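**Q** the following comprises the amino acid sequence and a computationally predicted model.
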Amino acid sequence: MTTPPQADHSARAHSFNAAAAQYAANRPSYPPALFDALEELTGRPLKGSRVVDVGAGTGLATARLHERGADVIAVEPGAGMAAEFRRTLPGVPVVRGNGNALPLADHSADLLAYAQSWHWTDPALAVPEALRVLRPGGALALWWNTDAHDVPWIADSGRRIDRHFAGLNLSAEKRNFDARFADPTGNLDFVHHEIRWSRRVPLDTHLANLGSHSVFLTDTEERATAFFAEERRHLLAAFPDGLVEETYDVHLLLAPTPTT
């Protein structure tokens, strides 16, 4: 197999816009227990809270927050993702922008949420922006769905992906969720909470979900096609009925802002 192209951070960040519909249709959402944890850890209900979903993408997290009664505004940098967001959530406002320079007023949010998106920011810029926008007593919440690598078939698939993208060390990249990563300055006091959940989906949905990740979106068509053909063969051996049991660990990092 040929050597993989090494797409830079910016190319990977912008790759989603051309695949927004694929992303919306196949990516996993988030379990109710995550939003229960947000309420428990912040000590306030989501209902009636002013919540900003930054890097909202197609609105997977925004929809869940909205269902819980939060007063949500979404911030999304990508034109393609924002267009898909408006199609699926026409009643929720979305503005163009990113976490490094939020297009929001000072002290205007109770909760600032980054669902699957903090790693696209520069924390040196995004942390001060979060503190500017959050109200006293508010909270910054970062979370990621991550593959449960203690499940044997997921571990096997992860090793195949790592071999395909030799040099990127994707398994380590997907498990970098400590407070030092979130805020290298150490100004925020993060609590780490973990939630396991699963969903059962057709094989085609699983592969389309996998293909909606930036490393595959920036891969060459020839390499990606070859990988997915081989991955389909492996997964049909593990799931002969064609239904894949995806297991996830949601990693939530939550930091309160000072009350005064």
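**A** Yep, it's here. Numbers count the residues shown, from 1 in each chain.

**Q** rest of the way, CA atoms for contacts and neighbours
**A** Fine.

**Q** where does this structure dip in pLDDT?
**A** Within the chain, the stretches with pLDDT under 70 are 1-7, 9, 13-14, 16, 167-177, 260.

**Q** tell me the centre residue of it?
**A** With distances taken as C-alpha atoms, centre = their mean, residue 116 lies nearest the centre of the chain, 1.6 Å away.

**Q** ok, now how distant is that residue from residue 144?
**A** 5 Å (C-alpha to C-alpha, to the nearest Å).

**Q** repeat that for residue 196.
**A** 12 Å.

**Q** shouldn't residue 185 be within a strand?
**A** No: applying DSSP: H, G, I helix; E, B strand; the rest coil, one finds residue 185 to be coil, outside a strand.

**Q** now it. Nearest residue, chain neighbours left out?
**A** residue 124 (7.6 Å; C-alpha to C-alpha, 6 or more residues apart in numbering).

**Q** on that earlier part again, more neighbours: residue 196 and residue 144, which one.
**A** Neighbour totals were compared for residue 196 and residue 144, and residue 144 leads with 22 against 16 (other C-alpha atoms under 10 Å).

**Q** how about the contacts made by that one?
**A** By C-alpha atoms under 8 Å, 6 or more residues apart in numbering, the contact set of residue 144 is 115, 116, 250, 251, 252.

**Q** how about the third one, secondary structure?
**A** State at residue 250, reduced to three classes by three-state DSSP: strand.

**Q** bridging residues for it?
**A** Beta-bridge partners for residue 250, by DSSP bridges, are residue 145, residue 195.

**Q** residues shared between the contacts of residue 196 and residue 144?
**A** residue 250.

**Q** check the offset of stretch 61-69 from the chain's centre.
**A** 15 Å (C-alpha atoms, centre = their mean, to the nearest Å).

**Q** list the buried residues in that stretch.
**A** For stretch 61-69, a neighbour-count test (16 or more other C-alpha atoms under 10 Å) marks 61, 62, 63, 64, 65, 66, 68 as buried.

**Q** okay if I get those residues as CSV plus secondary structure and distance to residue 39?
**A** Below are those laid out as CSV (DSSP: H, G, I helix; E, B strand; the rest coil; distance: C-alpha to C-alpha, whole Å):
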residue, secondary structure, distance to residue 39
61, helix, 15
62, helix, 15
63, helix, 16
64, helix, 13
65, helix, 11
66, helix, 14
68, coil, 10
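
**Q** so residue 99 touches residue 55, yeah?
**A** Yes: using C-alpha atoms under 8 Å, residue 99 makes contact with residue 55 at a distance of 7.3 Å.

**Q** between these two, which contacts overlap?
**A** residue 118.

**Q** and the residue nearest to residue 185, what element?
**A** helix 123-133 (DSSP states H and E).

**Q** what residues does that helix touch?
**A** 99-102, 104-109, 112, 140, 182-185, 257.

**Q** next one: stretch 225-244
**A** 153, 157, 164, 200, 201, 202, 203, 206, 207.

**Q** CA atoms only: put it into PDB for me.
**A** The C-alpha trace of stretch 225-244 is given here as PDB (Å, rounded to 0.1, in the frame of the first residue of the first chain):
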ATOM      1  CA  THR A 225     -11.700   2.700  -1.200                       C
ATOM      2  CA  ALA A 226      -9.200  -0.100  -0.800                       C
ATOM      3  CA  PHE A 227      -9.300   0.300   3.000                       C
ATOM      4  CA  PHE A 228     -13.100   0.200   3.300                       C
ATOM      5  CA  ALA A 229     -13.400  -2.800   1.000                       C
ATOM      6  CA  GLU A 230     -11.000  -4.700   3.300                       C
ATOM      7  CA  GLU A 231     -12.600  -3.400   6.500                       C
ATOM      8  CA  ARG A 232     -16.000  -4.500   5.200                       C
ATOM      9  CA  ARG A 233     -14.600  -8.000   4.900                       C
ATOM     10  CA  HIS A 234     -13.200  -8.000   8.400                       C
ATOM     11  CA  LEU A 235     -16.500  -6.700   9.900                       C
ATOM     12  CA  LEU A 236     -18.700  -9.100   8.100                       C
ATOM     13  CA  ALA A 237     -16.700 -11.900   9.700                       C
ATOM     14  CA  ALA A 238     -17.300 -10.400  13.100                       C
ATOM     15  CA  PHE A 239     -21.000  -9.400  12.400                       C
ATOM     16  CA  PRO A 240     -22.400 -11.900   9.800                       C
ATOM     17  CA  ASP A 241     -25.900 -10.400  10.200                       C
ATOM     18  CA  GLY A 242     -24.500  -7.100   8.900                       C
ATOM     19  CA  LEU A 243     -25.500  -5.200  12.100                       C
ATOM     20  CA  VAL A 244     -22.600  -3.600  14.000                       C
END
